[in-house]
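[1] what would the 3D arrangement of this be:
(one chain, ligands or ions: 2)
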Amino acid sequence: SNPSLLILPGDGIGQEVMAEVRRVIEWFGAKRDMQFDVSEDLVGGAAYDKHGVPLHDDTMAKAQEVDAVLLGAVGGPAYDDLDFSVKPERGLLRLRKEMDLFANLRPAQCFDALADFSSLKKELVAGLDIMIVRELTSGVYFGEPRGIHMEDNMRVGVNTQRYTEVEIERGARAAFELAMKRDKKLCSMEKANVMESGILWRDVVTEVHADYPEVELSHMYADNGAMQLVRAPKQFDVIYTDNLFGDILSDCAAMLTGSLGMLPSASLGSPMENGRPKAMYEPVHGSAPDITGQGKANPIACILSFAMALRYSFDEGAEATRLEAAIEKVLADGVRTGDLLSDENSTGVSTSGMTDAILAALDES
Ligand code: NAI
Ligand code: MG
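    Ligands and ions are numbered 1, 2, ... in the order given. So this is what the prediction gives:
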């Protein structure tokens, strides 16, 4: 049977960029004979409007069954005042949690044509291609005890950084596997100088390394890592780090490459019975209420997320590269959505205009 894909457009520009991804999927069906069983459902505010919850149980069950989930974005002003338990992002968190997506892959890749757009000097970022693997299901965001309590007549806020060796190990394996498919270089980042979890992290990653002797492993304190990412980002290939450091370092790395409208991500879990990992792919950006409904959204982040699905869920690395190359060509030709134009008075192409150009480049590939 065909590989299955559940599309959850969500809210705001999530719906607009996902409509473009559907055109790309159709192209691969028509021109490359790659057929997917595509189903579509609601998440976030859109699900709340219909069901009163940001993710219906039936949708959750579907997400567990398919080979990959593709998500747009959730949230928006209409839902800002909702009770915490039904806020749109809770739909996203439930998907990540119940699918146990422990490895969050955030590439920071600089297309040459956009090197001027980076916050750094062009020569530092041109040709940049690094991958941050962030542990996503544990660490200080989840550790117990947590809470705010009174102590000596003062309020005290408590969070706990907690990692088991199993949690560190499974993420490390994902990171080493990726490094094997890339430049065989892995840098693990923690703060073993001041944190017990950091000492364990370094130990476990070093143990896992024994299974991947071809990979060159280095360790770096995360604060130095932040500095090095900005000073000389091209020294890295794959970076493996915890939930908190990964949150910060991946946002930092993202800005090396320019616009939010360009950044894809993947969240992977354990292998399913068919050998494919549980997987969800989504752009890094949100629902962008400021430009919703205006045809201004850049669809590339979401299209690149589909490229990641081709590579990591469907073993179609060559087709993923074909799609990325088409995007690279379009950018080199100067095709730009508004977010990629530094001069506010110049006009770019619309959301669908960008996809038109990408499909035309695919036709020529
Ligand atoms: P945002 O990512 O939606 O927008 C930030 C800025 O970047 C805006 O000016 C927006 O117009 C621009 N932008 C974002 N994506 C773009 C694209 N593809 N093309 C062109 N411009 C783009 O973040 P913001 O404004 O902080 O949040 C808006 C809503 O999205 C909130 O409700 C927030 O909770 C939600 N959100 C959802 C996320 C998700 O679903 N994973 C992630 C981040 C925010
Ligand atoms: Mg963040």
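
[2] would you mind listing what in the stretch 101-250 of the chain touches ligand 2?
    Within the stretch 101-250 of the chain, the residues that sit near ligand 2 (CB under 5 Å from the ion) are residue 247. In short, each C-beta sits where N, CA and C put it, glycine included.

[3] for ligand 1, what is the nearest residue in the stretch 251-365 of the chain?
    residue 286 (2.4 Å; CB to the nearest ligand atom).

[4] for the residue lying closest to residue 105 once chain neighbours are set aside, helix, strand, or coil?
    Excluding the flanking residues, the one nearest residue 105 by CB to CB, 6 or more residues apart in numbering is residue 266, at 4.3 Å. Under DSSP: H, G, I helix; E, B strand; the rest coil, residue 266 falls in the strand class.

[5] for residue 286, phi and psi?
    The phi and psi values for residue 286, taken as degrees, to the nearest 10, are phi -100, psi -160.

[6] do you know how far it is from residue 93?
    Distance, residue 286 to residue 93, using CB to CB, to the nearest Å: 14 Å.

[7] so if I had to pick from those two, which one is more boxed in?
    Counted by other CB atoms under 10 Å, residue 286 and residue 93 do not tie: residue 286 has more neighbours, with 19 against 13.

[8] ok, now which ones touch that one?
    Going by CB atoms under 8 Å, 6 or more residues apart in numbering, residue 286 touches 12, 73, 74, 75.

[9] let's go with 6 Å and repeat that
    Contacts for residue 286 (CB atoms under 6 Å, 6 or more residues apart in numbering) come out as residue 73.

[10] next one: residue 4
    Per CB under 6 Å, 6+ apart, neighbours of residue 4: 37, 66, 67.

[11] pLDDT value on the last one, please?
    Meaning residue 67. Reading off the confidence values, residue 67 has pLDDT 97.

[12] list the contacts of it.
    Listed by CB under 6 Å, 6+ apart, the contact set of residue 67 reads 3, 4, 276, 313.

[13] the contacts of residue 4 in strands, which ones?
    Counting by DSSP state E, those place residue 37 in strands.

[14] list just the nearest of the contacts of residue 4 to residue 98.
    Using CB to CB, residue 66 is the member of the contacts of residue 4 that lies nearest residue 98, at 13.4 Å.

[15] ok, how many other residues are close to that closest one?
    The burial count for residue 66: 23, using other CB under 10 Å.

[16] distance between the ends of stretch 5-16?
    End-to-end distance for stretch 5-16: 18 Å, by CA to CA, to the nearest Å.

[17] give me the mean pLDDT for it.
    What stretch 5-16 shows for mean pLDDT is 98.

[18] after the helix or strand in which residue 197 is found comes which helix or strand?
    Assigned by DSSP states H and E, residue 197 falls within helix 196-209. Later in the chain than helix 196-209, the nearest helix or strand by DSSP H and E is strand 216-221.

[19] what sits up against that next one?
    185, 186, 187, 188, 189, 191, 193, 202, 209.

[20] show me which of those is closest to ligand 1.
    Of all the contacts of strand 216-221, ligand 1 sits closest to residue 189, with 23.1 Å by CB to the nearest ligand atom.

[21] what kind of secondary structure is that closest one in?
    Three-state call for residue 189 (three-state DSSP): strand.

[22] quick one: contacts for it?
    Shown here is residue 189, whose contacts under the criterion CB under 6 Å, 6+ apart are 220, 222, 225, 241, 245.

[23] if you set the cut-off to 7 Å instead, what comes out?
    220, 222, 225, 239, 241, 245, 249 (CB atoms under 7 Å, 6 or more residues apart in numbering).

[24] now do residue 70
    Applying CB under 7 Å, 6+ apart to residue 70 gives the contacts 5, 7, 21, 281, 305, 306, 309.

[25] residue 97 and residue 278: what is the separation?
    Separation of residue 97 from residue 278 (CB to CB): 12 Å.

[26] please say which of the two ends up with more neighbours.
    A count of neighbours by other CB under 10 Å puts residue 278 above the other of residue 97 and residue 278, at 22 against 13.

[27] before we move on, back to that, I'd like the contacts of residue 67 as TSV, with distance to residue 49 appended.
    Below are the contacts of residue 67 laid out as TSV (distance: CB to CB, whole Å):
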residue	distance to residue 49
3	30
4	26
276	32
313	29
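
[28] nearest to residue 259, of these?
    Closest to residue 259 out of the contacts of residue 67 is residue 313 (25.5 Å), distances taken as CB to CB.

[29] give the contact list for the residue nearest to that closest one when sequence neighbours are not counted.
    Computed as CB to CB, 6+ apart, the closest residue to residue 313 that is not its neighbour in sequence is residue 68, at 4.2 Å. Residues near residue 68 by CB under 7 Å, 6+ apart: 5, 279, 281, 309, 313.

[30] could you pick out which of these are located in helices?
    Under the assignment DSSP state H, the contacts of residue 68 contribute residue 309 to helices.

[31] and which of the contacts of residue 68 is nearest residue 234?
    Set against residue 234, the nearest of the contacts of residue 68 by CB to CB is residue 281 (25.6 Å).

[32] can I assume that closest one is in contact with residue 309?
    Yes. Here residue 281 reaches residue 309: they are 4.7 Å apart, a contact under CB atoms under 7 Å.

[33] hmm, back to that, for the contacts of residue 70, could you give me TSV that also reports neighbour count and distance to residue 139?
    Converted to TSV, the contacts of residue 70 look like this (neighbours: other CB atoms under 10 Å; distance: CB to CB, whole Å):
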residue	neighbour count	distance to residue 139
5	22	30
7	23	30
21	24	31
281	26	22
305	24	24
306	25	29
309	26	26
